[in-house]
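A.B. asks: All I have is the shape, not the residue letters:
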């Protein structure tokens, strides 16, 4: 792979374009056989690297297998770095890719390693590597496997407006309830209501029915008010459920499931186009539907 | 702004009426350009002042930035006081406004400050200022942004009857369960069931699946009964969800979304009228739909 | 009232029957003006007496107001006793009433008081009086107010079969999960998994998302399994919601809301008959629909 | 029963086949009178044996009634062993049965007892016997009682695809949230976020609204992020509910409830066939629908 990269540097323009296209087809496309293989390999590497970060955080495991974990981390980071460089080379508009969502994720998943190499003090950044996991979404976005997901995403998208209104309503309620509870319980520090932000945190923990119990009212009136909040929350929990249920129902009933393909724009990397699209819907660049 | 107020006092009746109308249009109306700007400024000021109350309650922040917080609080309270006075002046029926829901909220959000100034002992009332947050609802009520909310509100309104029956049923259940658990666990003070009210609090915490764990059964029979309560609560949680789902569905399906505008009554300040209303639905005063 | 009772004893058969009928109409019927008044008074007395039991259980309140609470309790118990005797006298078939659900509740709500009077050791039974609260259901069952409830009750009734299957499924799952967790966590007594029943209790607390935290896994494998249980429970919680939603929807859509009245059988006291019923559906006794 | 077994060994081929058939009809079939009786007896024995395992785990009960529990356990294990042997003898294809799901469960529910007899060290395996409970599912699978369940199972099956997508999405979210919280709270060991796996466990406990409180954020930023996670989880909980609701609705509406009987294949023991099936859908063996 490194050989290919070096030979790429010595080639003439035409050959370069040819190789760029072939790399692009492998890395970005999901419908070519090579693209599929590449995606599956990448998926495994990402999951392994995430597993490494997780295992490294367990003191007992890290103490025993430190060398193995570090070595594997080295190998994976180098592989991801090569992949990142190939992506920049093969895309027509590298700046656009670098500052796209996945471009930043790709960078964040290799950068902390090199920073920690130069500045040992930057070691605490190492866990940012876990963001590699978000790259999994790209792979799944590229496969046709996600038909079931589309109904979900559509359902959520349709109910976004109502959910925003609902959430801002929840925030208002939670701030008011938190402040009132703080006024009631502030003289009982054992209750944990030591400031309004903590009380708001309690209100969220209670309204969502999580209920850790690290903050809990101890006065009779506080407990009465908390009970009222819970019973109301009980009714409130029904609202988003009702909205999402309705939207999923609608999305599932609607016959007009918009058909789309996973054709990737060679310029900006956008991978969600309507069937038969000739130009990228994001940057206007021509798509190359040779493989269809 | 204060200049305007003073010049207002020296003017003749006709000029006064003109200025009153202009102030009214700015403060109460949401459809005029000035009204929109005023609402956005007010929204920011309210959110900042709520932020101040929240930050003040955090001991470490209050210790460090006490002077800044107090100064900002002074400025905001004076601005809100001016706004309150202008509202009283410009409305045709000030008594009606003062004793309306938002009139009381407006007063409560500035009064504690002045009380604490005169009686330092009244300082503990300062947190009532958090009720300023409720004024946000007025601003949102004045914009057409809340289309999504209407379906919610309609859905909740429609299911109010059933929710009332459901809640009174829950209260009955919770009192009976709480009393029974108190009888079982009363001899084990480490369980926390020290009185029937506390046991009812436990029953609410459990039935709503919040589950703090500050009160929890320790006897075998108590734990068995608690398990039964939980499993039943599991089925009960489905009831309000089902009701609200159904009502949201109905409200969303019904074509007859009643169209309304945000025209504000210059007499009482009511701001929810049907399109084409000529007279206020609350006090009968003529509306002035000049701006449409 | 006591006067009426005594004079009743001295009257001839015909007069007796007449008074019995009048008492019956007042106590059992809900549609006569007297019946309505009686029901509202009874409702208040029941709520006050339940409040007394609740307040008595709070140590600080009981210490201060013991005499008042006891005196009120005396008065209320005597009133309930008179009501109980009048019910037995006025009903045609007293045995049937005494052993009916509400007959037993009526007895249980006065008996503990007299037992504690004779055997002071029976004082711990006093809290059974809280069952008086169940009498509230009778009053609500007699009013036409409960139209909204009927949809609920119908919805629950329709889905009873599915809920039974669901609950037995939950019990099986909970026993298996509890036993497996006990095997994993038994060597870590600080986790609280000290026996299989406690582990089953934990499984119920977790699956219903109550989550007290008094019993919680401490081993890595235990926590992993608990996570799996929770995520599965997440999906399971959707099942009863779905069922009840569907049934409420059906019950609400069906036009054939069976009309019924609150005519009470003078023999057995059953109060749920179809409109136009001439004979009690439970004991076959003739109903007297004079008041319609 | 043992007599029958011994006489079976001495009979000629024809007689053997006849007895095998009769045993098969009793043990495997659920529609013959003998089969029904056998199933009910087996159900009781299983529930008793599960009760024994549960009671044995309670230290106080085990200390007092150890001898009784052990004796009953002996008797039940021997009965289950006889049943297991009869099942192997009467089925045409014993290998298939032994390695089927229920075959393994049947073995696991008797094996630990004999292992503990030979190797006392294997006593800790004794609790595997609790898996006997899973045999209850076979009995219920054989009765027509489970009509209500079918709608459930169909509903769950239909929404399996979407639930898989949803669960993998949850896993991704939970790993990312857990890692981020670990980075924030790692310097506060009292919070309990000691490694990424524990933090993922916390994320699951929080997102599912279980909320034990054994791991809970203590820093301000951690609590803010936890609040965001909870509020989002609040919206997410609506998704599976919506999906399952929809599918239950569909399954309940669809008229084409596939009719099936409980005819058991005499070769492999599969017991779920379409009405009128002549050959086993799993192994192709001829079914014998004599009893219909």
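C.D. replies: Thanks, I have the structure now. These numbers come from a predicted model, not from an experiment.

A.B. asks: Every contact and neighbour count from this point should use C-alpha atoms.
C.D. replies: Noted.

A.B. asks: Just name the shakiest helix or strand of chain A by mean pLDDT.
C.D. replies: Ranked by mean pLDDT, DSSP states H and E, the helix or strand of chain A with the weakest confidence is strand A:260-261, at a mean of 50.

A.B. asks: how close does residue A:52 sit to residue A:42?
C.D. replies: Distance, residue A:52 to residue A:42, using CA to CA, to the nearest Å: 15 Å.

A.B. asks: Check residue A:80 too.
C.D. replies: Residue A:80 is 9 Å from residue A:42, where distance means CA to CA.

A.B. asks: And chain D, is the lengthiest helix in chain A touching that?
C.D. replies: Assignment by DSSP state H gives helix A:59-90 as the longest helix of chain A. Yes. Under the criterion of CA under 8 Å from any CA of the partner chain, chain D is reached by helix A:59-90 at residue A:59.

A.B. asks: Off-centre distance for that helix?
C.D. replies: From the chain centre to the centre of helix A:59-90 is a distance of 20 Å (CA atoms, centre = their mean, to the nearest Å).

A.B. asks: Give me the buried positions along that helix.
C.D. replies: Neighbour counts over helix A:59-90 (16 or more other CA atoms under 10 Å in any protein chain shown) mark A:62, A:69, A:73, A:76-77, A:80-81, A:84, A:86-88, A:90 as buried.

A.B. asks: And for stretch A:118-134?
C.D. replies: Buried-residue list, stretch A:118-134, by 16+ other CA under 10 Å: A:126-134.

A.B. asks: What mean pLDDT does that stretch get?
C.D. replies: Mean pLDDT, stretch A:118-134: 75.

A.B. asks: Is that stretch in proximity to chain D?
C.D. replies: Yes. Remark: stretch A:118-134 sits within contact range of chain D at A:127, A:130-131, A:133-134, by CA under 8 Å from any CA.

A.B. asks: okay if I get the residues you listed as JSON lines plus secondary structure and distance to residue B:19?
C.D. replies: Listed next are the residues of stretch A:118-134 next to chain D as JSON lines, based on DSSP: H, G, I helix; E, B strand; the rest coil; distance: CA to CA, whole Å:
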{"residue": "A:127", "secondary structure": "helix", "distance to residue B:19": "62"}
{"residue": "A:130", "secondary structure": "helix", "distance to residue B:19": "62"}
{"residue": "A:131", "secondary structure": "helix", "distance to residue B:19": "59"}
{"residue": "A:133", "secondary structure": "helix", "distance to residue B:19": "62"}
{"residue": "A:134", "secondary structure": "helix", "distance to residue B:19": "59"}
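
A.B. asks: and of these, the nearest to residue A:218?
C.D. replies: Of all the residues of stretch A:118-134 next to chain D, residue A:218 sits closest to residue A:127, with 39.0 Å by CA to CA.

A.B. asks: Can you give me the distance of residue A:86 to residue A:28?
C.D. replies: 10 Å.

A.B. asks: what's near enough to touch the residue nearest to residue A:59 when sequence neighbours are not counted?
C.D. replies: Using CA to CA, 6 or more residues apart in numbering or on different chains and skipping residues adjacent in sequence, the residue nearest residue A:59 is residue D:195, 7.4 Å away. Contact partners of residue D:195, counting by CA atoms under 8 Å, 6 or more residues apart in numbering or on different chains, are A:54, A:57-59, D:182, D:186.

A.B. asks: so which of the residues you listed would you say is closest to residue A:173?
C.D. replies: Proximity to residue A:173 was ranked across the contacts of residue D:195 by CA to CA; first place goes to residue D:182, at 29.2 Å.

A.B. asks: Please determine how far the residue nearest to the spatial centre of chain A is located from residue A:81.
C.D. replies: The structure's chain A has its C-alpha centroid closest to residue A:134; by CA atoms, centre = their mean the separation is 4.1 Å. For residue A:134, the distance to residue A:81 equals 16 Å [CA to CA].

A.B. asks: Please apply the same query to residue A:25.
C.D. replies: 19 Å.

A.B. asks: got it, and residue A:88?
C.D. replies: Look at residue A:88 and residue A:81: by CA to CA, they are 11 Å apart.

A.B. asks: So which residues on the stretch 101-250 of chain A come close to chain D?
C.D. replies: Going by CA under 8 Å from any CA, the residues of the stretch 101-250 of chain A near chain D are A:127, A:130-131, A:133-134, A:146, A:148-149, A:152, A:163, A:167, A:198, A:201, A:204-205, A:208-214, A:237, A:240-242, A:244-246, A:248-249.
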